[in-house]
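Student: 3D model of this:
(one chain, ligands or ions: 1)
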Amino acid sequence: MLDPKPEQPAAAHIVVIGGGLAGLAAAEALIDRQDDSPVRVTVLEPADHPGGVLGTVRHDGWLVERSADCFLAARPEGIALVERLGLRGEMVGVDPRVRRALVWHAGRAVPVPRGFRLLAPGHVSGILHSSLLSPAGRLRVLAERFVPRRTAGPEESLEAFAVRRLGREAFERLVQPLAAGIWTADPARLGTAAACAEFVAMERNCGSLWAGERARLRETAAGDATGARYGQFVSFLGGMQTLTDRLFEQLRSRGVVIRAARAERLARAGSGWQVAVATPDGGSDLLAADAVVVATRTPAAAVLMAGVDPDLAAELAGIAYAGSAIVSLGFARNEVAHPLDAAGLVVPRTAGRRALAVSFSSSKFPHRAPPGCVLVRVFLGGALDPTSLALDDGQLVDLAVAEAAVLIGATGRPRLVQVDRWAGAMPQYHVGHADRVTRIEAAIARHPRLALAGAAYRGVGIPQVIASGQAAARKITGEL
Ligand SMILES: Cc1cc2nc3c(=O)[nH]c(=O)nc-3n(C[C@H](O)[C@H](O)[C@H](O)COP(=O)(O)OP(=O)(O)OC[C@H]3O[C@@H](n4cnc5c(N)ncnc54)[C@H](O)[C@@H]3O)c2cc1C
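Tutor: Okay, the predicted model is just below:
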């Protein structure tokens, strides 16, 4: 007689709310970790296209990124995902000829001092020969190694930390514009513990940013093949949407259901959850889930969590967001006076201009503009200029064209224009954010089979967001 077939355990149903990169990364990690206990995964995403803010648009020879245009290769999560998706052959590094940034100073674009990385000076000669800083400002940066290490006290803002270590001039001319280019943030409110813990650790462990950066450079020279091959930042020949499109296709082929629906409420149902959803045709539905990953921005997560844990919902609602607009402009090469021989240009607030930065897209990556043309992206808005987002598209384009005329000598009407608005899209890691995230994680640990993921918590960069999705999947699979 044949042995009766061992009974298959019923697949646990896991609902991922939000189909941005964090939600998609969580879904991938959930199906990868199913081992003996099978799972069924549904991703709820109201937008037409999954991927959240990530998106690439093609127009007649132009390839325009809607938001992120590259990611850091040094952190493993991004590159590992690229490998799993079979996308290594499509990866492209920033052109080695333009691996430097410029800063607007005294009416012209000057290079960031050689070796200077956000807050850390890496080379004495880079500082000594920089035309960006006055002689007194250069000496002040060089004296950073003698500034006593701060060993106690409350968390500092980025501004307080940078001014204390490097002096006000280096803060205003260098750190502020570079930081605005990353976080679109107010540096007087941005907290060091969450936004730049690496540099705080350099001061704590090595005594100064100088010593910390020198040690890091020695270590990087010893390893990191990816960094050496592609440089620090990478993208794809077909743009960043390559990543989310391929991930989306792979999830679908492995049985993940991506449903066009918005989650409206979350409620405990036995040991699992009930998710109330609204569909684009105006319908509604109740979904039963054994576990839920909430991978939306925190204002939406707070609404979902309100009936589950009001204190946690209040913590989530307390995370601020800033918005920005990107106006992509395409010109004929001979209509732009600047050689565009860098990755881009950042603009200090003290310069009194409206643009935060101009990214030289067609200098960084191939196939971004038709032959004989160049593509730049002008960043407007940010935490320090929320009024820009109130402008209509025509006004935004006029403003961006006027800024491009001054900053890079662009003349004439652009041949390509694309406006992308990102209201409330960038979480702001204000002073106290790291403590808030610790409280949020403690609170969510008290709710079995529920996890949070996304850019709001432990890093806004693409590798960190992937890592947050994976961490959420680990929490869930450990609790099923
Ligand atoms: C303009 C801009 C430029 C950037 N540039 C870079 C860069 O160059 N390099 C880099 O590394 N990073 C960059 N970033 C950061 C990075 O792209 C983001 O941090 C990351 O993509 C965020 O992913 P996410 O999944 O956390 O959030 P999101 O992309 O915001 O996704 C959240 C998803 O949740 C969905 N959602 C919301 N409410 C609900 C609901 N009730 N039910 C179901 N779904 C819901 C939304 O529709 C959305 O798809 C940039 C970000 C922006 C905004």
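Student: Please count neighbours and contacts with C-alpha atoms only from this point.
Tutor: Noted.
Student: And the strands in the stretch 51-200 of the chain?
Tutor: Counting by DSSP state E, counting those that start in this stretch, the stretch 51-200 of the chain has these strands, from start to end: 56-59, 62-65, 71-72, 91-93, 101-105, 108-111.
Student: Buried deepest among the ones you listed, which one?
Tutor: Most buried of these, by mean neighbour count (mean count of other Cα atoms under 10 Å): strand 62-65, with a mean of 23.
Student: Export the strands of the stretch 51-200 of the chain as a markdown table, with columns for mean pLDDT and distance to the ligand.
Tutor: Output for those, formatted as a markdown table (pLDDT from 0 to 100; distance: least, Cα to the nearest ligand atom, whole Å):
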| stretch | mean pLDDT | distance to the ligand |
| --- | --- | --- |
| strand 56-59 | 96 | 12 |
| strand 62-65 | 98 | 9 |
| strand 71-72 | 95 | 4 |
| strand 91-93 | 96 | 13 |
| strand 101-105 | 96 | 14 |
| strand 108-111 | 96 | 20 |
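Student: Reformat these as a markdown table; add distance to Pro177.
Tutor: Below are the strands of the stretch 51-200 of the chain laid out as a markdown table (distance: least, Cα to Cα, whole Å):
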| stretch | distance to Pro177 |
| --- | --- |
| strand 56-59 | 26 |
| strand 62-65 | 21 |
| strand 71-72 | 19 |
| strand 91-93 | 23 |
| strand 101-105 | 8 |
| strand 108-111 | 13 |
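Student: do you know which of these lies nearest Ala47?
Tutor: Proximity to Ala47 (Cα to Cα) singles out strand 56-59 among the strands of the stretch 51-200 of the chain, at 15.0 Å.
Student: Can you verify my assumption that Phe116 contacts Ser125?
Tutor: No - Phe116 is beyond contact range of Ser125, at 10.8 Å (criterion: Cα atoms under 8 Å).
Student: More neighbours: those two, which one.
Tutor: Per other Cα atoms under 10 Å, whichever of Phe116 and Ser125 has more neighbours is Phe116, with 18 against 12.
Student: Check the secondary structure at Arg218 for me.
Tutor: Put simply, Arg218 is helix when judged by DSSP: H, G, I helix; E, B strand; the rest coil.
Student: how near is it to Gly122?
Tutor: Going from Arg218 to Gly122 by Cα to Cα, to the nearest Å gives 11 Å.
Student: Compare these two and say which is more crowded by neighbours.
Tutor: Gly122 (22 against 10).
Student: Identify the residues contacting the more buried one.
Tutor: Gly122 sits next to Arg114, Gly115, Phe116, Trp210, Glu213, Arg214 when contact means Cα atoms under 8 Å, 6 or more residues apart in numbering.
Student: I'd like to know how many residues surround the fifth one.
Tutor: For Glu213, the number of neighbouring residues by other Cα under 10 Å comes to 23.
Student: So what touches the helix or strand encompassing it?
Tutor: Following DSSP states H and E, one finds Glu213 within helix 209-222. Helix 209-222 is contacted by residues Leu119, Ala120, Pro121, Gly122, Glu144, Arg145, Phe199, Met202, Glu203, Asn205, Cys206 when judged by Cα under 8 Å, 6+ apart.
Student: Format those residues as TSV; extra columns: pLDDT and distance to the ligand.
Tutor: Listed next are those as TSV, based on pLDDT from 0 to 100; distance: Cα to the nearest ligand atom, whole Å:
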residue	pLDDT	distance to the ligand
Leu119	93	18
Ala120	93	20
Pro121	92	22
Gly122	85	23
Glu144	97	29
Arg145	96	30
Phe199	96	19
Met202	96	22
Glu203	96	25
Asn205	95	27
Cys206	96	27
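Student: quick one: which of the residues you listed sit in helices?
Tutor: When DSSP state H is applied, the contacts of helix 209-222 are split such that Phe199, Met202, Glu203, Asn205, Cys206 fall in helices.
Student: are any of the residues you listed buried, and which?
Tutor: Taking 16 or more other Cα atoms under 10 Å as the criterion, what is buried in these is Phe199, Met202, Glu203, Cys206.
Student: quick one, what contacts the last one?
Tutor: Okay, so that is Cys206. Cys206 sits in contact with Gly212, where contact means Cα under 8 Å, 6+ apart.
Student: Which among the strands of the stretch 51-200 of the chain is found nearest to Val82?
Tutor: Across the strands of the stretch 51-200 of the chain, closest to Val82 is strand 91-93 (Cα to Cα), at 8.2 Å.
Student: tell me which strands and helices the closest one is in contact with?
Tutor: helix 225-230, strand 233-236 (3 or more Cα pairs under 8 Å, 6 or more residues apart in numbering; DSSP states H and E).
Student: so how far is Trp273 from the closest residue to the ligand within the stretch 101-250 of the chain?
Tutor: Relative to the ligand, the nearest point of the stretch 101-250 of the chain is Ile182 (7.4 Å; Cα to the nearest ligand atom). Counting by Cα to Cα, the gap from Ile182 to Trp273 is 37 Å.
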